[in-house]
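*Asks:* Give me the fold of what follows.
(one chain, ligands or ions: 1)
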Amino acid sequence: MSVLIKDVLLDGEETSIYVEENTIRGIGSDAEADRTVDGRGKAAIPGMVNTHTHAAMTLFRGYADDLRLQEWLQEHIWPAEAKLTEEDVYWGTRLACLEMVKTGTTCFNDMYWHLKGAVKAVEDSGIRGVLNSVFIDKFNKEDAKKQRKQAEKEMKDVKACSRVTLALGPHAIYTVTEESLQWAREYSDKHDVLVHFHLSETAKEVEDCKEETGMRPVEYLDSIGFLGPNLVCAHCVWLDDREIRLMGESGVKVSHCPTSNMKLSVGEALDYEKLKHAGVCVSLGTDGCASNNTLDMFESMKNAALLQKIWYGDPTRLPAGEAFRMGTSEGAKALKLDTGAIEEGRLADIVLVDLKRPELTPHHNLVSDLVYSASGGCVDTVICDGEVIMENGRVDGEEEVMEKAEEIVGDLFSR
Ligand SMILES: [Zn+2]
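*Replies:* Coordinates of the predicted model:
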């Protein structure tokens, strides 16, 4: 299968993009293709990469808002999640994938229950996903052992298409035993898999860690050998200078979640400048739909830029070009994927943005427009892994996905 995107704007020039199988083979090529996509009046950008999600939490969108993190988790989210089945997760993830595709995201890093349901949803949606085998043992040794066994089994037994990468998802230092964290590190080193983690999201997490271990979270993780280049940490808002240095030295990747951080009022802003100077790769995540409440990465790029400016009182902080790279190439780097840029030889994850929209007119600076005035609604066409999965704003079967999700939610809350 080959696709030719004709007369499309790429880096300010009108050109064509030729895709063969799942790879970009020619920029400016007019090779014959099985399928032609009309790119007139559209700009091609790399598919966005969302590096922190809990995709099936789309089912809880708008269900328990405006609460404190611990109360929100313990009294609302965890009890509801305890009732979820693999089928619920399948449809919740399908809904998430649909929303992501429609808003220009072609890959996401997902920590959620019922891995098999999520894998099938990603396969059926045509999107790319790094899907985690999750563990939360709440320091129960028996549970911890059971979950390590289950994770090992899932990593070995779950078979998926090439768009799916399996990874480990130990939840956080306040929910997972030290032994399990060390196990995750050993497993990750041995099999070269990513580890996805929540880190230093709240002041309480830092205080509790200091009380229990005498160290701040990153120092504690360093002391048990958990840090490394395969580790992608979400949030990371409460870091001191030494922790930032440790993260840079060990190659840890950060997933910044500006919208969720503001909504849950975590109390600090990520120090992007310091992380950047320490050499840390900082990408963007939406977090789950119960704490955002959308998966639209355009919104996250804008919020990331605005949050840096307001928090540090400096409008030169996080300019549009860097926010855009956080949403695209830095995300691909964090997930070790050959996407995030439109270049020959890269995987073909390409989004066409409709330029004939009032919010994108006139056309002074496309990157500024994408970060500060676009929304997911500007996305016209999406190609993932060389397949056209949305054209003219339409995804095949989108009504069914929304209907099924409604049905699942009705059933879930009456159980
Ligand atoms: Zn999260």
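
*Asks:* Can you name the residues that contact W91?
*Replies:* Going by C-beta atoms under 8 Å, 6 or more residues apart in numbering, W91 touches A56, L59, A121, V401, K404, A405, I408. Where you see a C-beta, it was placed from the backbone N, CA and C, and this is true even at glycine.

*Asks:* In contact with the fifth one, which residues?
*Replies:* Applying C-beta under 8 Å, 6+ apart, we find K404 in contact with W91, R94.

*Asks:* Just the pLDDT for it.
*Replies:* K404 carries a pLDDT value of 98.

*Asks:* follow-up on the earlier one: now list the buried members of the contacts of W91.
*Replies:* With burial judged by 16 or more other C-beta atoms under 10 Å, the buried subset of the contacts of W91 is A56, L59, A121, V401, K404, A405, I408.

*Asks:* For V232, state which of the residues you listed is nearest.
*Replies:* Among the buried ones among the contacts of W91, A56 lies closest to V232 (C-beta to C-beta), at 19.1 Å.

*Asks:* From S133, how far out is the closest residue to the closest one other than its chain neighbours?
*Replies:* Spatial nearest neighbour of A56, excluding adjacent residues (C-beta to C-beta, 6 or more residues apart in numbering): G92 at 3.0 Å. According to C-beta to C-beta, to the nearest Å, G92 and S133 sit 17 Å apart.

*Asks:* So which of these two has more stuff around it?
*Replies:* Shown here are G92 and S133; by other C-beta atoms under 10 Å, G92 has more neighbours (31 against 25).

*Asks:* The more buried one belongs to a helix, doesn't it?
*Replies:* Yes - assessed with DSSP: H, G, I helix; E, B strand; the rest coil, G92 lies in a helix.

*Asks:* residues touching it, list them.
*Replies:* G92 touches A55, A56, M57, T58, L59, L84, A405, I408, counting by C-beta under 8 Å, 6+ apart.

*Asks:* what comes up buried for stretch 295-314?
*Replies:* Result for stretch 295-314 [16+ other C-beta under 10 Å]: buried residues 295-309.

*Asks:* what about that stretch, average pLDDT?
*Replies:* Averaging pLDDT along stretch 295-314 gives 98.

*Asks:* try stretch 129-139
*Replies:* Taken as a whole, stretch 129-139 carries a mean pLDDT of 95.

*Asks:* before we move on, what about stretch 69-80?
*Replies:* Averaged over stretch 69-80, pLDDT sits at 87.

*Asks:* circling back: keep only those of the contacts of G92 that are in helices.
*Replies:* A405, I408 (DSSP state H).

*Asks:* Just send the contacts of G92 back as JSON lines, with distance to P362 too.
*Replies:* Output for those, formatted as JSON lines (distance: C-beta to C-beta, whole Å):
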{"residue": "A55", "distance to P362": "37"}
{"residue": "A56", "distance to P362": "41"}
{"residue": "M57", "distance to P362": "38"}
{"residue": "T58", "distance to P362": "36"}
{"residue": "L59", "distance to P362": "41"}
{"residue": "L84", "distance to P362": "47"}
{"residue": "A405", "distance to P362": "39"}
{"residue": "I408", "distance to P362": "44"}
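
*Asks:* With respect to C161, which of the contacts of G92 is nearest?
*Replies:* Comparing those against C161 with C-beta to C-beta picks out A55 as the nearest, at 16.8 Å.

*Asks:* give me the number of residues near the residue nearest to that closest one when sequence neighbours are not counted?
*Replies:* Among residues not flanking A55 along the chain, A96 sits closest, at 3.6 Å (C-beta to C-beta, 6+ apart). Neighbourhood size, A96 [other C-beta under 10 Å]: 35.

*Asks:* What of E249?
*Replies:* Other residues near E249 come to 13 when the count uses other C-beta under 10 Å.

*Asks:* Pull out the buried residues from the helix or strand encompassing it.
*Replies:* Element membership of E249 [criterion: DSSP states H and E] is helix 241-250. Neighbour-count burial for helix 241-250, counted by 16+ other C-beta under 10 Å, picks out E243, I244, R245, L246, M247, G248, S250.

*Asks:* got it, and stretch 52-66?
*Replies:* Applying 16+ other C-beta under 10 Å to stretch 52-66 flags H52, T53, H54, A55, A56, M57, T58, L59, F60, R61 as buried.

*Asks:* now do stretch 320-328
*Replies:* By 16+ other C-beta under 10 Å, the buried positions in stretch 320-328 come out as A320, E322, A323, F324, R325, M326, G327, T328.

*Asks:* could the residues you listed go into TSV alongside secondary structure and pLDDT?
*Replies:* Converted to TSV, these look like this (DSSP: H, G, I helix; E, B strand; the rest coil; pLDDT from 0 to 100):
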residue	secondary structure	pLDDT
A320	helix	98
E322	helix	98
A323	helix	98
F324	helix	98
R325	helix	98
M326	helix	98
G327	helix	98
T328	coil	98
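
*Asks:* In contact with V379, which residues?
*Replies:* K102, T103, G104, V351, L352, V353, D354, M390, G393.

*Asks:* Please look at the third one and G47 and confirm they touch.
*Replies:* Translated: G104. Yes - counting by C-beta atoms under 8 Å, G47 is a contact partner of G104 at 6.7 Å.
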